[in-house]
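Engineer: take this sequence and fold it.
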Amino acid sequence: MTAPPARGLLVAAARSGSGKTTVTLALLRALRRRGLAVAGAKCGPDYIDPAFHAAATGRPSYNLDSFAMDGALLDAVAGRAGAEAELLVAEGSMGLFDGVVAEEGRSGANADVAARYGWPVVLVLDVSGAAQSAAATALGVRAYDPRLTLAGVILNKVASPRHRRLVEDGLSRIGIRVLGAVPREAALVLPERHLGLIQAGETADLESRLDRLADLAEASIDLDAVAAAAGGRVPEPAPGKLPPPPGRRLAVARDAAFSFVYPHLEAGWRAAGAEIVPFSPLADEAPPAECDACWLPGGYPELHAGRIAASSRFLGGLGAFAGTRPVHGECGGYMVLGESLEDADGTTHRMAGLLPVATSYARRRLHLGYRIAMLVGAGALGPSGQALVGHEFHYASELTPPPGADEALAEVTDAEGRPLGLAGHRRGRVSGSFFHLVGLR
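Structural biologist: I've put the predicted structure just below:
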């Protein structure tokens, strides 16, 4: 007998910092503990939260991005995310309607994903510093986009029973259902650093933290009502068009310094027949010799720069590998392929020296946004002229001059088509940039 398709929910908020991740993880873990086949997903370009979802549910979590993914790829990834699950809980990013200026349904906002699949929205409402006035925010969210259904709200940072009564009084006047009320609980806050949460693999006592969040959900959220509110559809798993893998046996750096690989990208590489072979630069491992391409993902090399600089087997092996096979670095991986990396304390560390780039975290400046890249030359990411879509999110500064046309990786625009010039580098079989690949354009 064929199982019914999964239903969906979007956990969203009116702004960042409202507690979406805490509430989502609490729901995922608590519903799994009740025996429900629940899976997670993340709306937008976030590398970190999906790993927490996977830890909470025991199932892979994928990114869903209405700007960086065309409709076919978005459906394919959503289908993969909900495969063999009864309920798919997607976590929003930023505010529910925050995105770029684009045609309806392609803005990158959380609302696009919920509208495409008919998933009701559970709004996390940070009520610190407000009482009845919080209802005005919920009312605005409900009225702003007629494509969406607001299933109800989960109140966060509730100070006292009296505070809850006052907030619920305002919401009752406009007929918005309260699905739960989470008290202030500082001990359950997950640790953060400059790109968001500390990675799941680095978070001490993660399992016990998730179990405590599940306990919190059981005590403060109507889990039956949340599960019953799910609806809409989750597409059937299907192939989506992705850039082909850069090799048939692909060495992928994977440790605390190199971890930002989108799950859908690796899944797509495997579906295309590639084998992924992980190795650890922090353990001073070189790319395995039996591989025919190497991928250095983003991550936090600036926190481990001294250790990377001292990893002679890794650096020497990487250089030898690059002499005969393609090597590509994204963001943190790009910095490691360069000549040097200055850490936040101002200490400069020697890197691989395979690209003419010097970067610094002592001179921090936020770079954030979608990017559309047209490859200047052929390489690991595709043929010359191939259009790709992805994004940047980092605080590093390049200390070296911008690349010339003969050595740049791509010509780049922002999401609205404004030119940003040449970006990244390529030298021989080595390439890299701060651009994180999501899909084809």
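Engineer: tell me the domain ranges of this structure?
Structural biologist: Following automatic domain parsing, the chain resolves into domains at 7-229, 249-440.
Engineer: would you reformat the ones you listed as JSON lines and include mean neighbour count, distance to residue 238 and mean pLDDT?
Structural biologist: All C-beta atoms are positioned from the backbone trio N, CA, C, and that covers glycine. Output for these, formatted as JSON lines (neighbours: other CB atoms under 10 Å; distance: least, CB to CB, whole Å; pLDDT from 0 to 100):
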{"stretch": "domain 7-229", "mean neighbour count": "20", "distance to residue 238": "5", "mean pLDDT": "93"}
{"stretch": "domain 249-440", "mean neighbour count": "19", "distance to residue 238": "11", "mean pLDDT": "96"}
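Engineer: am I right that residue 88 falls within a strand?
Structural biologist: Yes. Residue 88: assigned to a strand according to DSSP: H, G, I helix; E, B strand; the rest coil.
Engineer: list the residues that contact it.
Structural biologist: When contacts are counted by CB atoms under 8 Å, 6 or more residues apart in numbering, residue 88 touches 6-9, 38-41, 78, 81-82, 119, 234.
Engineer: not counting sequence-adjacent ones, nearest residue to it?
Structural biologist: Leaving aside its sequence neighbours, residue 88 sits nearest to residue 82 (CB to CB, 6 or more residues apart in numbering; 4.2 Å).
Engineer: now swap in residue 377 and tell me
Structural biologist: Closest residue to residue 377 apart from its sequence neighbours, by CB to CB, 6+ apart: residue 384 at 5.1 Å.
Engineer: three-state assignment of the one you found?
Structural biologist: Put simply, residue 384 is coil when judged by three-state DSSP.
Engineer: got a list of what it touches?
Structural biologist: 375, 376, 377, 378.
Engineer: do the same with residue 438
Structural biologist: Residue 438 makes contact with 45, 63, 65, 68, 69, 262, 265, 389, 390, 391 under the criterion CB under 8 Å, 6+ apart.
Engineer: in helices, which of those residues appear?
Structural biologist: Among the contacts of residue 438, the members found in helices (DSSP state H) are residue 265.
Engineer: from the contacts of residue 438, pick the one nearest residue 426.
Structural biologist: Nearest to residue 426 out of the contacts of residue 438 is residue 390 (CB to CB; 16.5 Å).
Engineer: bridged to the closest one, which residues?
Structural biologist: Beta bridges link residue 390 to residue 371, residue 437, judged by DSSP bridges.
Engineer: assess the claim that it and residue 371 are in contact.
Structural biologist: Yes. Under the criterion of CB atoms under 8 Å, residue 390 makes contact with residue 371 at 5.7 Å.
Engineer: for residue 230, which non-adjacent residue is closest in space?
Structural biologist: When the adjacent residues along the chain are set aside, residue 230 lies closest to residue 7, with 3.9 Å between them (CB to CB, 6+ apart).
Engineer: please name the residues that touch residue 152.
Structural biologist: For residue 152, the contact set (CB under 8 Å, 6+ apart) comprises 122, 123, 176, 177, 178, 179, 225, 229.
Engineer: out of those, which are inside strands?
Structural biologist: Those of the contacts of residue 152 mapping onto strands are 122, 123, 178, 179, per DSSP state E.
Engineer: what are the boundaries of the helices in the stretch 151-300 of the chain?
Structural biologist: Counting by DSSP state H, counting those that start in this stretch, the stretch 151-300 of the chain has helices at residues 161-173, 206-220, 223-229, 263-271.
Engineer: tell me which of those helices approaches residue 328 most closely.
Structural biologist: Nearest to residue 328, of all the helices of the stretch 151-300 of the chain, is helix 263-271, at 12.1 Å by CB to CB.
Engineer: now do the strands in the stretch 51-200 of the chain.
Structural biologist: Using DSSP state E, counting those that start in this stretch, the strands of the stretch 51-200 of the chain run over residues 62-64, 87-91, 121-126, 150-158, 178-183, 192-193, 196-197.
Engineer: turn those into a markdown table, including distance to residue 358.
Structural biologist: Below are the strands of the stretch 51-200 of the chain laid out as a markdown table (distance: least, CB to CB, whole Å):
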| stretch | distance to residue 358 |
| --- | --- |
| strand 62-64 | 31 |
| strand 87-91 | 37 |
| strand 121-126 | 41 |
| strand 150-158 | 43 |
| strand 178-183 | 46 |
| strand 192-193 | 23 |
| strand 196-197 | 26 |
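Engineer: which one of those strands lies closest to residue 327?
Structural biologist: Of all those, strand 62-64 sits nearest to residue 327, with 24.6 Å by CB to CB.
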